[in-house]
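Peer 1: model this:
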Amino acid sequence: MDNNLQDIDKNKRSLWSKFNKTINRDKYLYIMSLPGLIMLVMFSYIPMYGIIIAFKRYNPGVGIMGSQWVGFYYFESFLNDIYAWRAFRNTFLLGLYGLFWGFPLPIILALLLNEVRVSWFKRSIQTITYLPYFISVVIIVGLMKELLSPVTGIINNELVRIGILDKPINFFAEAKWFRTLYIGSDIWAGTGFGAIIYLAALSGINPELYEAAIIDGATRWQRIWYISIPGILPTATILFILSVGGIVGAGSVQKVLLMYSSQTYETADVISTYVYRMGIENINYSYATAVGLLMSVIGFVFTLVTNYISRTLSDTSLW
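Peer 2: The predicted structure is shown next:
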């Protein structure tokens, strides 16, 4: 018994000694990380205290703790609201379509750029494709409205001139066009920037693998299929898991607010805008918090399930 206690005590002293050595060795790195850690705690963890509002009839006059406890009342109200289900459907479809169309394109672009041997041409294409990512959402939506205007829009006028359309279409006033415009503009703005990650992964592949494949007579497509794609597959898997978790986020709420109107609510009203209207415009903070919390839980569940499937089918997962 005494020997066991002595062994435990020795192990504790050994662990404490290793901990102290690690702290002393990397103390400057830990000091440099303190500002980021403090910001993370202040803006990501401390505000989580406000989640309690979802379970209370919040009254700013008496504060969070003084407000009446109502349990799952606001969650039930959300699930019984027909407009809430419309918002959830639109959110899910926008996220799903965005994942289906937007996720593969950066991979394809990165694979194509990786095969370009003319350096100035490759750099030019990279710059042209990732530059839209840095354009403000307000400017992007403004450009879309100008180009697609039924009166002065260049695209509308050209489509009519060449006979594709009989008359100009007011794209921003028709609900059926909202998803196409939203996802198309997301692809235009994000494909080039997303390809940077995959280009970085491709640069980490051993060049000797390509040289050996060329000696063995592999064609360019075979080198892409058997070397390039397997080389970036772990990176693509991690990004896919994170993307699935963000399906219920429906991207930028600012962009939706700039693009939608009462005429396009049928396809454009998403959870983020629904929460905005209920929480800010209708001053129902408890209801908005409950909806936001529910969506966060759903997104977390999506991430867990996707991560489990990935871990089961391959060796790549978030944890």
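
Peer 1: And the helices in the stretch 201-319 of the chain?
Peer 2: Along the stretch 201-319 of the chain, the stretches classed as helices by DSSP state H, counting those that start in this stretch are 207-215, 220-223, 229-245, 253-259, 265-268, 271-276, 285-313.

Peer 1: closest to I140 out of those helices?
Peer 2: Nearest to I140 among these is helix 253-259; the distance by C-beta to C-beta comes to 7.6 Å. The C-beta positions use only the backbone N, C-alpha and C, and glycine is treated the same way.

Peer 1: mind listing the helices for the stretch 51-200 of the chain?
Peer 2: With DSSP H, counting those that start in this stretch as the criterion, the stretch 51-200 of the chain has helices at 63-66, 73-79, 82-102, 104-114, 119-130, 137-147, 154-161, 178-203.

Peer 1: Please identify the buried residues of the fourth one?
Peer 2: In this case it means helix 104-114. Buried residues in helix 104-114, counted by 16 or more other C-beta atoms under 10 Å: P106, I107, L109, A110, L111, L113, N114.

Peer 1: quick one: that helix to helix 178-203, angle?
Peer 2: For helix 104-114 against helix 178-203, the angle by axes from the mean of the first three to the mean of the last three C-alpha atoms, to 10 degrees is 40 degrees.

Peer 1: From the contact counts, what lies against helix 104-114?
Peer 2: Helices and strands touching helix 104-114, by 3 or more C-beta pairs under 8 Å, 6 or more residues apart in numbering; DSSP states H and E, are helix 119-130, helix 178-203, helix 229-245.

Peer 1: Kindly report the same for the last one.
Peer 2: Using 3+ C-beta pairs under 8 Å, 6+ apart as the contact criterion, the elements in contact with helix 178-203 are helix 82-102, helix 104-114, helix 119-130, helix 137-147, helix 229-245, helix 253-259, helix 265-268.

Peer 1: repeat that with 6 Å
Peer 2: Contacts of helix 178-203 with other secondary structure elements, assessed using 3 or more C-beta pairs under 6 Å, 6 or more residues apart in numbering; DSSP states H and E, are made with helix 82-102, helix 104-114, helix 119-130, helix 229-245, helix 265-268.

Peer 1: Would you reformat those as JSON lines and include mean pLDDT and distance to Y49?
Peer 2: Converted to JSON lines, these look like this (pLDDT from 0 to 100; distance: least, C-beta to C-beta, whole Å):
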{"stretch": "helix 82-102", "mean pLDDT": "88", "distance to Y49": "25"}
{"stretch": "helix 104-114", "mean pLDDT": "93", "distance to Y49": "37"}
{"stretch": "helix 119-130", "mean pLDDT": "89", "distance to Y49": "39"}
{"stretch": "helix 229-245", "mean pLDDT": "90", "distance to Y49": "23"}
{"stretch": "helix 265-268", "mean pLDDT": "88", "distance to Y49": "33"}
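
Peer 1: F72: which of those helices is closest?
Peer 2: In terms of C-beta to C-beta, the element of the helices and strands packed on helix 178-203 nearest to F72 is helix 82-102, at 14.6 Å.

Peer 1: hang on, isn't R223 packed against A212?
Peer 2: No. At 10.0 Å, R223 and A212 do not qualify as touching, with contact defined as C-beta atoms under 6 Å.

Peer 1: Now do stretch 209-218, average pLDDT.
Peer 2: Averaging pLDDT along stretch 209-218 yields 89.

Peer 1: Tell me how far it lies from the chain's centre.
Peer 2: Mean-position distance between stretch 209-218 and its chain equals 37 Å (C-alpha atoms, centre = their mean, to the nearest Å).

Peer 1: can you list contacts of it?
Peer 2: R223, I227 (C-beta atoms under 6 Å, 6 or more residues apart in numbering).

Peer 1: what does stretch 307-317 give?
Peer 2: By C-beta under 6 Å, 6+ apart, the residues outside stretch 307-317 that reach it are P234, T237, I241, L318.

Peer 1: Counting neighbours, which bits of it end up buried?
Peer 2: Judged by neighbour count (16+ other C-beta under 10 Å), stretch 307-317 contains these buried residues: N307, S310, T316, S317.

Peer 1: Flag the shaky bits of this structure, pLDDT-wise.
Peer 2: Confidence mapping of the chain against pLDDT under 70 gives the ranges 1-14, 250-251.

Peer 1: re the thing from before, compare the helices of the stretch 201-319 of the chain and report which one is nearest to N80.
Peer 2: Nearest to N80 among those is helix 285-313; the distance by C-beta to C-beta comes to 12.0 Å.
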